[in-house]
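Undergrad: Sequence plus predicted model, see below.
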Protein chains: 2
Amino acid sequence: MVAALAGVSRSTVSRVVNASPRVTPGAISAVTAAIETLGYVPNQAARSLASRKTYTIAVIIPENTAKFFSDPYFASVIHGVATHLGNTEYTLTLLIASEAHPEKTRRYLQGGSVDGALILSHHADDSSYLQLSSTLPVVFGGRPMSNTRPADAGPVPRNHIVDVDNVAASTTATRYLLEHGRRRIATIAGPQNMAAGFDRLVGWRAAIAETAQNPDLVAFGDFTPPGGESAMRELLARGESFDGIFIASSQMAFGALRVLREHGISVPGDVAITTVDNDYFAQNSTPPLTCIEQPVAELGVEIAQTLVRLINGESVAELSVMPTRLIERESV
Amino acid sequence: MVAALAGVSRSTVSRVVNASPRVTPGAISAVTAAIETLGYVPNQAARSLASRKTYTIAVIIPENTAKFFSDPYFASVIHGVATHLGNTEYTLTLLIASEAHPEKTRRYLQGGSVDGALILSHHADDSSYLQLSSTLPVVFGGRPMSNTRPADAGPVPRNHIVDVDNVAASTTATRYLLEHGRRRIATIAGPQNMAAGFDRLVGWRAAIAETAQNPDLVAFGDFTPPGGESAMRELLARGESFDGIFIASSQMAFGALRVLREHGISVPGDVAITTVDNDYFAQNSTPPLTCIEQPVAELGVEIAQTLVRLINGESVAELSVMPTRLIERESV
DNA sequence: GTGAAAGCGCTAACAC
DNA sequence: GTGTTAGCGCTTTCAC
């Protein structure tokens, strides 16, 4: 093998491959040359069996793939993760977690195939991931919906979380409507089994509670454009009037706008809109939407960074909250 | 470990874990129980080192992540892949291939971390993947742009490809415009370093060649909505009139529609449109678009199936072409 | 600085 | 059907 060609021992080859400082320049170049001519690539399985390191990190994705992929939010977060990991020795892998075969995902994660895992878009029902951190370094992008689990389910290990203050964000977005003279504010909320959906409704309620308005102008969507469409239709069908609406995602807002247009309702003339996510949808709808911008790519960088530190045994804060900001456009 | 608790040998444990038929029911239950109480999960590295199998398959994704994710095409293909793999013992992993650190991807792929790879959206410039199939079972989703490589680069190993007939598809879509009375047909083509972009322009040219029209009404986009917007602006800026346009992707068509609307040009009144990809954009733009539907999820299933067969040493056709169909809507 | 020897945790012949 | 014996290809003490 390589050792023979380079005229050294396997140990030295290993040292060169792993960039050990205690090797003669001569040995390094001999080994490097041998590796080159032989096209040698070390076997990862053998490596990680001996060293107990894989240098790969998984981002876990619920199989729910279609929804996942079409949301620019994830694309940006993953871009951030990839960016940070590009500067490290870690390789990024996205693991499609089939809900029909959870044991496959578990085997992969617990079986030592990765050094750590990143979990995005955590639903209330996949509580299994909450226990994962007792056997593997794990960081959640967005607060997991764990608080609703029964108390007798045993202790929840301490989980590391990087999040955005969704409650504050939606309160800000809703207040913005009030400050601009709107009096009856509706909302299209996201799924209540996702923290972002839940928290943004809480934030809307908080802002509404400061007014005399009845807090019942709520419809639910699934964060997608079609979801926003049907929620908007439902809201209009109730026959109650409103002159402002906070929509929990720009994709839903995009769908909602189509319905509003269909009904001849003008934005912002008749109804003002604020939403969350400064993506293509918010920027390119008609009119462009006033929205809350989340630092998505930065969140990706942050979770990746946190996980790498965790893997290296460094101590890191359990919770990190990233700032959001409001961007004014023509929908109010 | 498990063997001790179950009162059997390690071999028997291994046999149970690997569902060997030659084990006593009694032994099976004893081992299963022991595994359960110990929470034992076999170490994948050790397993694959000994068996030379990983049971994981990678889909390689160019780092270009943002574009990748926001395209429903990929979401559907991957959904198809995941669906098929869900029925097998293989785990699916999406590998983000950083263009800045190609050696990381190579190490992962060549280092025995996966049993095979699926390659989507192949660009002309990443010719390295073409050589991959000499060391690893590989299947391309969509024809790779290999034909442009220099002849002295050595032999290209035979690659397995599952594709859609993009030339025929775009010829059909362009002819459809001609058959519906349009006389001056423009096109917004995709990137020419991607097979889908290249072939769809070829198909448009083929249809145009059957007419007296000058084949110069071409603008290029990058398959995204903003790309479609600027291509449309460019086309209009030329001042040449046209009454039909074939747009190489519905996402570009979506962007183009905005520009048309801005200019007060009606669709299909002034300009008729046909495009490719029957996704949310084609279905929900105003007006809904006449388009070519590709069997995306089926293509995902097909490439996964092909790869698994390849891994199992079965013989499979090198090229498989999937059918497309035209869907009539209100844009013509 | 470098080599020799000893495993990492499992599977795979091979006997029994 | 089950245990025994060898490795899979690397990293890692430990001497030198």
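TA: Structure received.
Undergrad: care to break chain A down by domain?
TA: If you go by automatic domain parsing, the domain ranges for chain A are A:2-42, A:56-163+A:297-322, A:166-294.
Undergrad: So the longest one, near DNA strand D or not?
TA: It refers to domain A:56-163+A:297-322. No: figure legend: domain A:56-163+A:297-322 not in contact with DNA strand D (Cβ under 7 Å from any atom of the strand); closest approach 12.0 Å. Yep, even glycine has a C-beta here, placed from its N, CA and C like the rest.
Undergrad: now the end-to-end length of that domain.
TA: End-to-end distance of domain A:56-163+A:297-322 (Cα to Cα, to the nearest Å): 26 Å.
Undergrad: Could you do the last one as well?
TA: Across domain A:166-294, the terminal residues are separated by 9 Å (Cα to Cα).
Undergrad: do the same with the shortest one
TA: Distances were taken as Cα to Cα; on that basis the terminal residues of domain A:2-42 are 10 Å apart.
Undergrad: which ones are touching whichever residue of the stretch 151-300 of chain A sits closest to DNA strand C?
TA: Going by Cβ to the nearest atom of the strand, DNA strand C is nearest to A:P157 of the stretch 151-300 of chain A, at 21.8 Å. Contacts for A:P157 (Cβ atoms under 8 Å, 6 or more residues apart in numbering or on different chains) come out as A:130-131, A:133-134.
Undergrad: Excluding chain neighbours, what is closest to the residue of chain A most remote from its centre?
TA: Here chain A reaches farthest from its C-alpha mean at A:G7, the gap being 49.5 Å by Cα atoms, centre = their mean. Leaving out its chain neighbours, the residue that sits closest to A:G7 by Cβ to Cβ, 6 or more residues apart in numbering or on different chains is A:A30, at 6.4 Å.
Undergrad: Quick one, grab the pLDDT at that neighbour.
TA: A:A30 carries a pLDDT value of 92.
Undergrad: Lowest average pLDDT across the domains of chain A?
TA: Confidence, taken as mean pLDDT, is least for domain A:56-163+A:297-322 of these (a mean of 86).
Undergrad: centre of the chain versus it, how much separation?
TA: How far domain A:56-163+A:297-322 lies from its chain's middle: 9 Å, per Cα atoms, centre = their mean, to the nearest Å.
Undergrad: same deal with stretch A:221-230?
TA: 19 Å.
Undergrad: Start and end of that stretch, how far apart?
TA: Stretch A:221-230 has its terminal residues 7 Å apart, counting by Cα to Cα.
Undergrad: Check stretch A:16-25 too.
TA: In terms of Cα to Cα, the two terminal residues of stretch A:16-25 are separated by 10 Å.
Undergrad: Name the residues of that stretch that are buried.
TA: A:16-17, A:23 (16 or more other Cβ atoms under 10 Å in any protein chain shown).
Undergrad: can you list the residues of the stretch 151-300 of chain A near chain B?
TA: Neighbours of chain B within the stretch 151-300 of chain A, by Cβ under 8 Å from any Cβ of the partner chain: A:225-226, A:258, A:280, A:284, A:286.
Undergrad: okay, these in a markdown table with secondary structure, distance to A:I60 and neighbour count next?
TA: As requested, these are exported to a markdown table (DSSP: H, G, I helix; E, B strand; the rest coil; distance: Cβ to Cβ, whole Å; neighbours: other Cβ atoms under 10 Å in any protein chain shown):
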| residue | secondary structure | distance to A:I60 | neighbour count |
| --- | --- | --- | --- |
| A:P225 | helix | 25 | 23 |
| A:P226 | helix | 25 | 16 |
| A:R258 | helix | 33 | 19 |
| A:Y280 | helix | 25 | 19 |
| A:N284 | helix | 31 | 17 |
| A:T286 | coil | 37 | 15 |
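Undergrad: quick check, nearest of the residues you listed to A:E298?
TA: Using Cβ to Cβ, A:Y280 is the member of these that lies nearest A:E298, at 18.6 Å.
Undergrad: and A:I119, backbone torsions?
TA: phi -120, psi 120 (degrees, to the nearest 10).
Undergrad: How about A:L217?
TA: phi -80, psi 60.
Undergrad: With adjacent residues omitted, what lies nearest to it?
TA: With sequence-adjacent residues excluded and distances taken as Cβ to Cβ, 6+ apart, A:L217 is closest to A:A186, at 3.6 Å.
Undergrad: Can you name every helix or strand that the host helix or strand of the one you found contacts?
TA: Counting by DSSP states H and E, the element that carries A:A186 is strand A:185-189. Counting contacts by 3 or more Cβ pairs under 8 Å, 6 or more residues apart in numbering or on different chains; DSSP states H and E, strand A:185-189 packs against helix A:166-179, helix A:195-209, strand A:218-220, helix A:225-237, strand A:244-247, helix A:250-262.
Undergrad: Which strands border the shortest one, and is each parallel or antiparallel?
TA: Applying DSSP bridges, strand A:218-220 is found paired with strand A:185-189 (parallel).
Undergrad: which SS class is A:N214?
TA: Classification of A:N214 using DSSP: H, G, I helix; E, B strand; the rest coil returns coil.
Undergrad: number of nearby residues for it?
TA: 9 (other Cβ atoms under 10 Å in any protein chain shown).
Undergrad: so what's it up against?
TA: Contacts of A:N214 (Cβ under 8 Å, 6+ apart): none.
Undergrad: cutoff 10 Å now
TA: Residues counted as contacts of A:N214 (Cβ atoms under 10 Å, 6 or more residues apart in numbering or on different chains) are A:184, A:208, A:240.
Undergrad: Could you do A:A209 as well?
TA: Here A:A209 is in contact with A:171, A:215 (Cβ under 10 Å, 6+ apart).
Undergrad: So which of the contacts of A:N214 wins on neighbours?
TA: In terms of neighbours by other Cβ under 10 Å, those top out with A:I208 at 24 neighbours.
Undergrad: Check the gap between it and A:L217 for me.
TA: 9 Å (Cβ to Cβ, to the nearest Å).
Undergrad: what's the overlap in contacts for the two?
TA: A:184-187, A:246.
Undergrad: Let's see if you can find the most crowded of those.
TA: A:F246 (32 neighbours).
Undergrad: Can you list phi and psi of the residue of the stretch 151-300 of chain A closest to DNA strand C for me?
TA: phi -60, psi 160.
Undergrad: Just give me the residue closest to the centre of chain A.
TA: Short answer for chain A (Cα atoms, centre = their mean): A:L120, at 4.0 Å.
Undergrad: Now do the phi/psi pair for that residue.
TA: The phi/psi pair for A:L120 (degrees, to the nearest 10) is phi -110, psi 160.
Undergrad: how close does the closest residue in space to it that isn't next to it in sequence sit to B:T54?
TA: Spatial nearest neighbour of A:L120, chain neighbours left out: A:G141 (4.5 Å); criterion: Cβ to Cβ, 6+ apart. According to Cβ to Cβ, A:G141 and B:T54 sit 27 Å apart.
Undergrad: could I get the residues of the stretch 151-300 of chain A next to chain B as JSON lines with distance to A:I161?
TA: JSON lines is the format used below for these (distance: Cβ to Cβ, whole Å):
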{"residue": "A:P225", "distance to A:I161": "29"}
{"residue": "A:P226", "distance to A:I161": "30"}
{"residue": "A:R258", "distance to A:I161": "35"}
{"residue": "A:Y280", "distance to A:I161": "28"}
{"residue": "A:N284", "distance to A:I161": "32"}
{"residue": "A:T286", "distance to A:I161": "37"}
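Undergrad: Going by distance to B:I161, which of those residues wins?
TA: Closest to B:I161, out of all of those and judged by Cβ to Cβ, is A:Y280, at 31.6 Å.
Undergrad: shouldn't that closest one be in contact with B:G227?
TA: No: counting by Cβ atoms under 10 Å, A:Y280 sits too far from B:G227 to count as a contact (11.7 Å).
Undergrad: Many thanks, I have nothing further to ask.
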